[in-house]
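Asker: Attaching a predicted model along with its sequence, questions to come.
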Amino acid sequence: MAENAQNIEVLICTGTGGIASGSLKVAEAFEEEFKKHGIEAKVGKRCEVKKTGCRGLCANDVLVDIMVPGKEGVTYDFVTPELVPQIVEEHIVGGEPVPKKTAGAYYAKFLEKQHRTIFSRCGHIDAESIDDYIANHGFKGIKRAVTMKPEEVIEEVKKSGLRGRGGGGFPTGVKWSFAKGSPGELKYLICNADEGDPGAFMDRSLLEGDPYCIIEGMMVAAYAIGCTYGYVYVRAEYPLAIKRLQMAIDTCVERGILGDNCMGLGFKFNLRIKAGAGAFVCGEETALMASIEGHRGMSRPRPPFPAVRGLWGKPTNINNVETYANVTYILERGADWYASIGTEGTKGTKIFAVTGKVKHTGLVEVPAGVTMREVLYDVCGGILNNRKFKAVQAGGPSGGCLPVEAIDAQVDYDSLIKAGAMMGSGGLVVMDETTCMVDIARFFLTFTRRESCGKCIPCRIGLKIMLEILERICSGEGREGDIELLEDMAYDIKKSSLCGLGQTAPNPVLSTIRYFRHEYEAHIKEKECPAHACKSLLHFKVIDEACKKCGMCKRVCPVDAITWEKGEIAIIDQDKCTQCTSCYDACRFMAID
Amino acid sequence: MSETAEKAAEQEVDLTACNEILDQYQDMQGALMPVLQAIQDHYGYIPEETVHLTADRLNIYASQIYGVLTFYAQFHLEPRGKYIVRVCMGTACHVKGAGRLGDRVKELLGISHAETTEDVKFTCEYVACIGACGMAPVIMVNDATYGSMSVQKLNEVIEKYQKMD
Ligand SMILES: Cc1cc2nc3c(=O)[nH]c(=O)nc-3n(C[C@H](O)[C@H](O)[C@H](O)COP(=O)(O)O)c2cc1C
Ligand code: SF4
Ligand code: SF4
Ligand code: FES
Ligand code: FES
């Protein structure tokens, strides 16, 4: 890769985060500078600007790597167009990196404990270039796959131990053998890129940063199972992912990689994108297929499983984006290599989206089995503002919260379930002492209740009633017995709902009660929110003893409700205050109540 | 619906584009969703007349189409503002204070979720996740994403769009 590059390369992050931070302008500025310096002639080297996908640290975008042949790459963070002339002058022309502007030691640490395999191309190659993809092991997996019999490919995937990355963790090879074994000529292949779990964005980054990899993974599955037609169901909120994937598909069709005789390899596979329309339940496989068929995305009972009766009544295999990405590497490097990474029950690496109150929010790829502590502290730098860690929410709306006592749990399917959460798609939302756990439970129920397709009563009405109880507790109207009632309802709804949405929706409530029962009790009995997050229980007063007179609160108040002079304790004018919580969040000393 | 929005909706809808869209997808399996998405792309919302035309030409009940339209969050039955302000209310954004951004939009523009200003310039929407959680809290105005938002930054962004036509 970059180590043996012939030219100087400037890699600029143009994932969604990069673009939002102005990376296209930065790229322009580089081109501009090169012209000005006549780089090509004067330095005697050729210089290339490459637009790459996400590197996983979007909060520090725009990230730029300068790769000089024979030297180690240097990364700059927070690059602005104004900074570009200096970088070009000193680093590219002069040969010395601009010391103050390079990403600090944290960036090396962020990468150090990671095991970037599935992400190895993302952020390094030009996401839109098929040649870059091919130059970096692209299509090697499918080329090896077609030298084997389809059954052998499935065996290889089984042997690797790969489990689906979409949440359930079902063994992928086994799923494929079901679809293959189903009678019928016409079979469909679907890639689930709905990524409805708020707080997770690894599928998006893969689609944007390495779209050919997903196509290749699907080709392998299509060859193994015998599917001639495939769909990628992408949520419409991901316009850049749709655009890049469509470009990649078009290029593959032009070059004969997709179509009636894929790469001249003798099998037929056509691929098409289907844009979702904004419904979480459409990530559920039966609802997703209903949606492709043009109906409301409502779940239906299983069996029959999609492998038997799927899209338009035909046998269908459906996998997650990250699952297909894993497949290409398994085929390229072999099942034994893959199975050597990870734990007994979870093989390979997993990409986590770490967000919330952590220093370096982002996407991290680690071997299954490292501990939560390693992910949060070693890779992501610990808790923001040096506050106290309270909990990490794992697995999205279907998952649960793990408290500090569980932070040494391993991140794999089985350990997380044992601790009361789940891996889900891999979202980890970190919470500190300012996050109220009752509010978090309320938040997730608001989401799942709104997203329920409404087909079954426990899910439709049960979640609504649970939500009303939580809202009451958050506003200080909680009653004796509410906690027990919530628990009771939770178990009933889990038991009696049709699909995974209803079956898992009560999990965040159950896990917060399990680990943070005292917070529920404080809301109900003392009408206090220990985290000072529930607005109706907040007072917005400065606690004189705790105030360090720093004036931070005054700076952030949007309505000028705070009086503060240097060396004085701040005072909040209750009439002006709109209770926006800005000052509360900004105060490093928890001096606002 | 605001008065101006109502007026806009009352205007005669030109169905040429809708017919062209239908020509294009007529024979496709599962055509309904792509057709509706294309109609919305063109008109900015789904005008009532297009629903009836689609029902006729794809040979399905209008009620079935409304069933689909009201199920998915993406479809809109009323004209929407020129600038769509999407405030992410996803988990990562919530933990980082997205609720306050929603409140601030309401203070600045007088609209909250699924509402449009009277001059049909702004529409506000709370969405479940924009997929840029690493930069939470996040808002989008049309296709532009703004990350690491604070109340002050929000003021600046909204002001910028208020000044534009
Ligand atoms: C409510 C609900 C939402 C889901 N959302 C997604 C999703 O956004 N992406 C995904 O890949 N799987 C999602 N799933 C899981 C899928 O139904 C399915 O199990 C998965 O796509 C299978 O792929 P895998 O075997 O590769 O994991 C969801 C399940 C439920 C019940
Ligand atoms: S559990 Fe909820 S989302 Fe799933 S089918 Fe029933 S009502 Fe619909
Ligand atoms: S809560 Fe908001 S409005 Fe009130 S004092 Fe604090 S920053 Fe100002
Ligand atoms: S988009 Fe640049 S690091 Fe994620
Ligand atoms: S939760 Fe807001 S962008 Fe994902």
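Answerer: Alright, I've got the coordinates. Numbers count the residues shown, from 1 in each chain, chains lettered A, B, ... in the order given. Ligands and ions are numbered 1, 2, ... in the order given.
Asker: Do you know the pLDDT at residue 93?
Answerer: Defaulting to chain A. Among the per-residue scores, A:V93 holds a pLDDT of 83.
Asker: looking at chain B here, not the other one
Answerer: Here the pLDDT value assigned to B:C93 is 91.
Asker: can you check A:F139 too?
Answerer: For A:F139, pLDDT reads 95.
Asker: try A:I571
Answerer: At A:I571, the pLDDT value in this model is 89.
Asker: so who does the nearest residue to it once chain neighbours are set aside touch?
Answerer: Using Cβ to Cβ, 6 or more residues apart in numbering or on different chains and skipping the chain neighbours, the partner closest in space to A:I571 is A:T563 (4.9 Å). Placement of C-beta: from N, CA and C, glycine included. Listed by Cβ atoms under 8 Å, 6 or more residues apart in numbering or on different chains, the contact set of A:T563 reads A:K554, A:A570, A:I571, A:D573.
Asker: go on, A:I569?
Answerer: A:I569 touches A:V542, A:D544, A:C547, A:K549, counting by Cβ under 8 Å, 6+ apart.
Asker: hang on, B:V120 in a helix?
Answerer: No. Counting by DSSP: H, G, I helix; E, B strand; the rest coil, B:V120 is not found in a helix; it is coil.
Asker: neighbours around it, how many?
Answerer: Look at B:V120: counted by other Cβ atoms under 10 Å in any protein chain shown, it has 18 neighbours.
Asker: now do the one 5 residues further on
Answerer: B:E125 has 23 neighbouring residues, counting by other Cβ under 10 Å.
Asker: Report whether the host helix or strand of it contacts chain A.
Answerer: Assessed by DSSP states H and E, B:E125 sits inside strand B:122-127. Yes. Contact of strand B:122-127 with chain A (Cβ under 8 Å from any Cβ of the partner chain) involves B:V127.
Asker: avg pLDDT for that strand?
Answerer: Strand B:122-127 shows a mean pLDDT of 92.
Asker: Kindly report the same for stretch A:75-85.
Answerer: On average, stretch A:75-85 scores 92.
Asker: same check, this time on stretch B:63-73
Answerer: Averaging pLDDT along stretch B:63-73 gives 91.
Asker: give me the residue from chain A nearest chain B.
Answerer: Relative to chain B, the nearest point of chain A is A:P198 (3.1 Å; Cβ to the nearest Cβ).
Asker: can you pull the pLDDT of B:S2?
Answerer: Looking at B:S2, the pLDDT reads 51.
Asker: So which residues of chain B form helices?
Answerer: All helices of chain B, identified by DSSP state H, fall at B:3-10, B:16-25, B:32-43, B:48-58, B:62-71, B:91-95, B:98-109, B:151-163.
Asker: any chance of those helices in a markdown table, plus distance to ligand 5 and mean neighbour count?
Answerer: Listed next are these as a markdown table, based on distance: least, Cβ to the nearest ligand atom, whole Å; neighbours: other Cβ atoms under 10 Å in any protein chain shown:
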| stretch | distance to ligand 5 | mean neighbour count |
| --- | --- | --- |
| helix B:3-10 | 28 | 14 |
| helix B:16-25 | 31 | 16 |
| helix B:32-43 | 22 | 19 |
| helix B:48-58 | 32 | 17 |
| helix B:62-71 | 22 | 16 |
| helix B:91-95 | 3 | 29 |
| helix B:98-109 | 7 | 20 |
| helix B:151-163 | 14 | 15 |
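Asker: And these: which comes nearest B:E78?
Answerer: Nearest to B:E78 among these is helix B:3-10; the distance by Cβ to Cβ comes to 6.0 Å.
Asker: Domains in the chain, by residue range?
Answerer: I'll assume chain A. Split into domains by automatic domain parsing, chain A comes to A:8-109, A:130-339, A:349-432, A:437-526, A:539-593.
Asker: wrong chain, I was asking about chain B
Answerer: Using automatic domain parsing, chain B is parsed into the domains B:8-71, B:83-163.
Asker: With distance to A:K268 as extra columns, can I get those domains in a markdown table?
Answerer: Listed next are those as a markdown table, based on distance: least, Cβ to Cβ, whole Å:
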| stretch | distance to A:K268 |
| --- | --- |
| domain B:8-71 | 18 |
| domain B:83-163 | 33 |
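Asker: List just the one of those domains that sits closest to A:D210.
Answerer: Comparing those against A:D210 with Cβ to Cβ, the closest turns out to be domain B:83-163 (15.8 Å).
Asker: Any idea how far apart the tips of the closest one sit?
Answerer: Start to finish, the residues bounding domain B:83-163 are 12 Å apart (Cα to Cα, to the nearest Å).
Asker: any idea which helix or strand carries the closest residue to ligand 5 within the stretch 351-500 of chain A?
Answerer: Taking Cβ to the nearest ligand atom, ligand 5 has its nearest neighbour within the stretch 351-500 of chain A at A:T355, 6.9 Å off. Per DSSP H and E, A:T355 falls inside strand A:349-356.
Asker: Tell me the helices and strands packed up against that strand.
Answerer: Under the contact criterion of 3 or more Cβ pairs under 8 Å, 6 or more residues apart in numbering or on different chains; DSSP states H and E, strand A:349-356 touches helix A:202-209, strand A:362-367, strand A:427-432, helix B:91-95.
Asker: Can I get the ones you listed in a markdown table including distance to A:C456?
Answerer: Output for the helices and strands packed on strand A:349-356, formatted as a markdown table (distance: least, Cβ to Cβ, whole Å):
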| stretch | distance to A:C456 |
| --- | --- |
| helix A:202-209 | 28 |
| strand A:362-367 | 35 |
| strand A:427-432 | 25 |
| helix B:91-95 | 25 |
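Asker: closest to A:L111 out of these?
Answerer: Nearest to A:L111 among these is strand A:362-367; the distance by Cβ to Cβ comes to 9.2 Å.
Asker: and the angle for the closest one with helix A:202-209?
Answerer: In terms of direction (axes from the mean of the first three to the mean of the last three Cα atoms, to 10 degrees), strand A:362-367 departs from helix A:202-209 by 100 degrees.
Asker: can you count the residues close to residue 89?
Answerer: Chain wasn't specified; assuming chain A. When counting by other Cβ under 10 Å, one arrives at 14 neighbours for A:E89.
Asker: look at chain B instead
Answerer: Per other Cβ under 10 Å, the neighbour tally for B:M89 reads 22.
Asker: excluding its backbone neighbours, what's nearest it?
Answerer: Distance criterion Cβ to Cβ, 6+ apart; nearest residue to B:M89, sequence neighbours excluded, is B:Y126 at 4.6 Å.
Asker: What's the separation between that neighbour and ligand 2?
Answerer: Here B:Y126 is placed at a distance of 20 Å from ligand 2 (Cβ to the nearest ligand atom, to the nearest Å).
Asker: ditto for A:C529
Answerer: 30 Å.
Asker: For the closest residue to that residue other than its chain neighbours, which residues are in contact?
Answerer: Excluding its sequence neighbours, the residue lying closest to A:C529 (Cβ to Cβ, 6+ apart) is A:L537, at 4.3 Å. For A:L537, the contact set (Cβ under 8 Å, 6+ apart) comprises A:C474, A:S475, A:G476, A:H523, A:K527, A:E528, A:C529.
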